[in-house]
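Visitor: could you work out the structure for the sequence below:
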Amino acid sequence: MTQLEITYYEAIKRINKENGYTKAPALISTGTLCQPAQVTRPAAISAGIATLGALKSKKYRFISDPGHAWLEVPKADVYAAGIAQEISGYSYIHGKYVYLEEDCDAGLFMDAAGLTRDNIIDVYKDEVEIRDYQSYNGTR
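Guide: This next block holds a predicted model:
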């Protein structure tokens, strides 16, 4: 294993242990609709530090309405973070963006990309069109 793989593996193993999971290391998201991931993310490891570092410098819009919220993320960033196959059907896709629902998919992306609250721009709207978009299904 490379140093990056070891660091990733050990970090995920620690997170799993803290949350009481004993399966092979995989990122755990804490949203109410999420189930623990059952697979590791070699794509995130192979993406390398440079790609993940580039994500850390970006800003993402967190769009909310009175009932729910979504993190607007370019599709390319979802793939760069290595989580494209882990996103639930509660998220949406439209054009070049994926709208990651707030309960688990947004957190999954933020964890994978190493983002903090500083990367988020809050946008509130009384009505959003996101619910009219196509449900996410893991394809480009």
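Visitor: residue ranges of the helices in the protein, please?
Guide: Shown for the chain, the helices assigned by DSSP state H span residues 3-18, 42-56, 75-80, 105-113.
Visitor: and those helices, which one's lowest on average pLDDT?
Guide: Across the helices of the chain, helix 3-18 has the smallest mean pLDDT, namely a mean of 54.
Visitor: what number of residues lie near residue 88?
Guide: Neighbourhood size, residue 88 [other C-beta atoms under 10 Å]: 19. The C-beta positions use only the backbone N, C-alpha and C, and glycine is treated the same way.
Visitor: then residue 74?
Guide: Using other C-beta under 10 Å: residue 74 sits among 15 other residues.
Visitor: isn't it right next to residue 96, touching?
Guide: Yes - counting by C-beta atoms under 8 Å, residue 74 touches residue 96, with 5.8 Å between them.
Visitor: next up, the contacts around residue 133.
Guide: Residue 133 makes contacts with 92, 93, 94, 99, as judged by C-beta atoms under 8 Å, 6 or more residues apart in numbering.
Visitor: what is the neighbour count of the closest residue to the last one other than its chain neighbours?
Guide: What it means is residue 99. Excluding the flanking residues, the one nearest residue 99 by C-beta to C-beta, 6 or more residues apart in numbering is residue 70, at 3.9 Å. Residue 70: 26 surrounding residues under other C-beta under 10 Å.
Visitor: and residue 115, by the same measure?
Guide: Neighbours of residue 115 using other C-beta under 10 Å come to 23.
Visitor: from residue 129, how far out is it?
Guide: For residue 115, the distance to residue 129 (C-beta to C-beta, to the nearest Å) stands at 25 Å.
Visitor: residue 95 too?
Guide: 12 Å.
Visitor: picking that back up, go through the contacts of residue 133 and flag which are in strands.
Guide: Among these, the ones falling in strands (DSSP state E) are 92, 93, 94, 99.
Visitor: return the members of these classed as buried.
Guide: The neighbour count (16 or more other C-beta atoms under 10 Å) marks 92, 93, 99 as buried among those.
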